[in-house]
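Here is the input, now give the coordinates:
(one chain, ligands or ions: 1)
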Amino acid sequence: MSALLDALRAVVGQAHVLVPRDAGDPEFSRHQTDWRGRYHGWAQAIVRPASTDEVAQVVKLCAAHQASIVPQGGHTGLVGGGVPDASGQQIVLSLQRMKRVLSVDVANLSMTVEAGCLLADVQQAADEAGLLFPLSLASEGSCTIGGNLATNAGGTHVLRYGTARELCLGLEAVTAQGEVWNGLKSLRKDNTGYDLRDLLIGSEGTLGIITRASLRLYPKPASRLAALVACETIDQALALLTLARRTLDASLCGFEAMQAYPLALTLHHKPEQAKAARALMHTDVKGDPIAPAWTVLIDASSPHSQADLQAQLEDTLSRALQEGLIQQASVAQSEAQYREMWALRETIPLAEKVEGLMVKHDIGVPTSCIPAFLARAEQALPQAFPGCRIVCFGHLGDGNLHFNVQSPAGISDQSFLAQHEHAVNAIVYDIAMDLGGTISAEHGIGQLKRDELGVRQGPVSTSLMRAIKQALDPQGLLNPGRLLP
Ligand SMILES: Cc1cc2nc3c(=O)[nH]c(=O)nc-3n(C[C@H](O)[C@H](O)[C@H](O)COP(=O)(O)OP(=O)(O)OC[C@H]3O[C@@H](n4cnc5c(N)ncnc54)[C@H](O)[C@@H]3O)c2cc1C
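Residues are numbered from 1 along each chain as shown. Here you go, the predicted model:
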């Protein structure tokens, strides 16, 4: 085994092969555990190549030594896809040194970056060129564009701009044989056979290692605005979505919904980031703040002036008030208030993390089926697990909810998960699938949902996926045990 490590050191340099004796080194340890603290592994080494050529050499060496590879970007994935197994034999291939923005083509509205580029740095480079890269996630300061593409990340502006897949024009990747596939085109139209780019997007490191990407940019909007709105029911929130689609049209960028309980958790654990929630709250008899049943965050942007956009949004909200769809609304009056509204929404996962482990879901159903999903799941879960708490929020405009289930008060999160995770999943996924939905609308499959995918997707899908894996990675070198049922 040390022959492999010596060879890897010769390729990437001594300082960029971290081994277990560096375990005291936080830089080694942080690669072994996922963001939620659910999965812990033990790698043979963390290898950090600096170029596509080095990635290719690393893969060839691993193939020659039969060592499997776990690609890793920013390590913010939520399904255990980038955590090594416990064998102590796997090589974690970290893209973190490959973080250059290679070019921005203003006339073509595109940019080319290395896979380890932080999403926030991609956004900033586009911004500096007077353009917009619209992918936006709460983890954008840590996640990488390679990870975003490998998971086909969604985020807060899918409604207007689509997922990571829609924002990618071309890719370069290293195959399981250590060859470099150059599909780094910046074309809007290219009808030349199988779409290998789309095959790699969402493949979670099981088919190839993404090394570079060509990304689709947009003109930077001249104005942007957000509003927080109180709705009594999910039907009202959906009627508001229909109205906003009509009145705001292409200006509508995001439509997020949050139930009262996740807002209460956020106020409790992260009060500084939850300031915006107070605008729509009232107090109960004891003087404690209560959030509306549903708080909706509407995000809009436009090529026209701020005043025009504000008038457009306020018109939408006054119609919604007249039609009885909303009870109250608060429109951001400054960029600072805009950011506070988004901070509220984006801090919910951080507040959940402080609260403890939960059975997490990122289900998707057709938007029109959201009320049916909620009615059925909110009835079935408390019947099966009296006292369980539902933490529901998410991208309502995309039909994608984070529908998380917390243990009843007084029962430890660990024991609730150990005993009931499977049964909770069965209830939630049965309902979502029955409504034509999916068990993962954005976080992906990884380790967490691999077995569930096998049960849910049907044998034809599974055998097609296995055939693709066998053709591209016959040795099973790339991220084994992840994604594929
Ligand atoms: C607070 C928080 C909020 C989040 N919000 C969202 C959200 O709104 N929407 C959303 O979709 N996700 C969200 N996520 C999940 C996560 O940030 C995304 O999945 C992100 O795309 C992962 O990027 P990463 O660089 O951290 O990838 P990693 O976690 O390092 O890896 C994720 C998967 O991709 C593979 N991989 C990584 N890089 C490469 C590469 N270069 N080539 C091939 N395979 C690779 C890994 O093997 C692994 O299977 C959130 C996470 C956190 C912690």
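
so what's the residue in the stretch 151-300 of the chain positioned nearest to the ligand scoring on pLDDT?
Proximity of the stretch 151-300 of the chain to the ligand (C-beta to the nearest ligand atom) peaks at residue 205, 3.0 Å away. Backbone N, C-alpha and C define where each C-beta goes, glycine included. In this model, residue 205 is scored at 98, pLDDT.

same deal with the one 3 residues further on?
According to the model's per-residue confidence, residue 208 sits at a pLDDT of 98.

How about the one 3 residues further on?
Each residue has a pLDDT score; the one for residue 211 is 98.

Tell me which residues touch residue 290, please.
Residue 290 makes contact with 260, 281, 282, 283, 284 under the criterion C-beta atoms under 8 Å, 6 or more residues apart in numbering.

Tell me how many other residues crowd the last one.
So that's residue 284. By the criterion of other C-beta atoms under 10 Å, residue 284 has 8 neighbours.

how about the residues of the stretch 351-485 of the chain near the ligand?
Within the stretch 351-485 of the chain, the positions lying close to the ligand (C-beta under 6 Å from any ligand atom) are 442, 443, 446, 479, 482.

typed the wrong thing, it's the stretch 151-300 of the chain
So far as C-beta under 6 Å from any ligand atom goes, the stretch 151-300 of the chain lies against the ligand at 151, 153, 154, 155, 204, 205, 209, 210.

How about the first one: what's its closest non-neighbour residue?
In space, not counting the residues next to it along the chain, residue 151 is nearest to residue 444; the distance is 4.5 Å by C-beta to C-beta, 6 or more residues apart in numbering.

so the one you found is in which element?
Under the criterion DSSP states H and E, no helix or strand holds residue 444.

and it, what does it touch?
77, 79, 81, 151, 152, 202, 204, 483.

Also residue 47?
Per C-beta under 8 Å, 6+ apart, neighbours of residue 47: 8, 12, 16, 17, 18, 58, 91, 92, 93, 94.

and the gap between the nearest residue to residue 233 once chain neighbours are set aside and residue 331?
Once flanking residues are discounted, residue 233 sits nearest to residue 293: 6.8 Å by C-beta to C-beta, 6+ apart. As judged by C-beta to C-beta, to the nearest Å, residue 293 and residue 331 stand 21 Å apart.

pretty sure residue 117 is touching residue 101, no?
Yes: counting by C-beta atoms under 8 Å, residue 101 is a contact partner of residue 117 at 6.3 Å.

Among these two, which residue is more densely surrounded?
The neighbour count for residue 117 versus residue 101, taken as other C-beta under 10 Å, is higher for residue 117 (26 against 19).

Now find how far off-centre stretch 470-484 is within its chain.
23 Å (C-alpha atoms, centre = their mean, to the nearest Å).

what's the span of it, first residue to last?
11 Å (C-alpha to C-alpha, to the nearest Å).

which parts of that stretch are buried?
472, 473, 477, 478, 479, 480, 481, 482, 483, 484 (16 or more other C-beta atoms under 10 Å).

go on, stretch 154-170?
154-164, 167-170.

tell me the contacts of the closest residue to residue 232 other than its chain neighbours?
Once flanking residues are discounted, residue 232 sits nearest to residue 293: 5.5 Å by C-beta to C-beta, 6+ apart. Residue 293 is in contact with 231, 232, 233, 259, 260, counting by C-beta under 8 Å, 6+ apart.

What distance do you get for residue 293 to residue 328?
Relative to residue 328, and taking C-beta to C-beta, residue 293 is found at 12 Å.

try residue 278
12 Å.

which residues do those two both contact?
Contacts common to residue 278 and residue 328, judged by C-beta under 8 Å, 6+ apart, are absent.

gap between the two ends of stretch 17-29?
13 Å.

What are the contacting residues of it?
Outside stretch 17-29, the residues touching it (C-beta under 8 Å, 6+ apart) are 5, 8, 9, 31, 42, 43, 44, 45, 46, 47, 48, 88.

buried ones in the helix or strand residue 462 falls within?
Using DSSP H and E, residue 462 sits within helix 459-472. Using 16+ other C-beta under 10 Å as the test for burial, helix 459-472 gives 462, 465, 469, 472.

Could you measure from residue 378 over to residue 392?
Residue 378 is 8 Å from residue 392, by C-beta to C-beta.

meant to ask about residue 282
21 Å.

Neighbour count: the two, which is higher?
Applying other C-beta under 10 Å to residue 282 and residue 392 shows that residue 392 carries more neighbours, namely 21 against 10.

Could you double-check that the more buried one sits in contact with residue 402?
Yes: judged on C-beta under 8 Å, residue 392 makes contact with residue 402 at a distance of 7.0 Å.

Now do the residue in the chain that the ligand sits nearest to, the pLDDT please.
Using C-beta to the nearest ligand atom, the single residue of the chain nearest to the ligand is residue 147, 2.1 Å away. You'll see residue 147 listed with a pLDDT of 98.

got the contact list for the closest residue to residue 300 other than its chain neighbours?
Nearest non-adjacent residue to residue 300, counting by C-beta to C-beta, 6+ apart: residue 251, 4.6 Å away. Residues in contact with residue 251 (C-beta under 8 Å, 6+ apart) are 300, 301, 302, 309, 312.

For the residue nearest to residue 233, grab phi and psi.
phi -50, psi -40 (degrees, to the nearest 10).

Which pLDDT value belongs to it?
94.

thinking again about what came up before, tell me which of the contacts of residue 47 fall in helices.
Among the contacts of residue 47, the members found in helices (DSSP state H) are 8, 12, 58.

In ChimeraX, how would I select the buried members of the contacts of residue 47?
To isolate the buried members of these in ChimeraX, using 16+ other C-beta under 10 Å:
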select :8,12,16,17,18,58,91,92,93,94
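
just checking, residue 477 touches residue 69?
Yes: the pair residue 477 and residue 69 passes the contact test of C-beta under 8 Å, sitting 5.9 Å apart.

Identify the contacts common to those two.
Common neighbours of residue 477 and residue 69 (C-beta under 8 Å, 6+ apart) are 59, 62.

where does residue 62 fall, phi/psi-wise?
phi -60, psi -40.

where does this structure have low pLDDT?
By pLDDT under 70, the low-scoring segments of the chain are 1, 22-24.

try it again with 80
Along the chain, the model assigns pLDDT under 80 to residues 1, 21-27, 282-285, 287-289.
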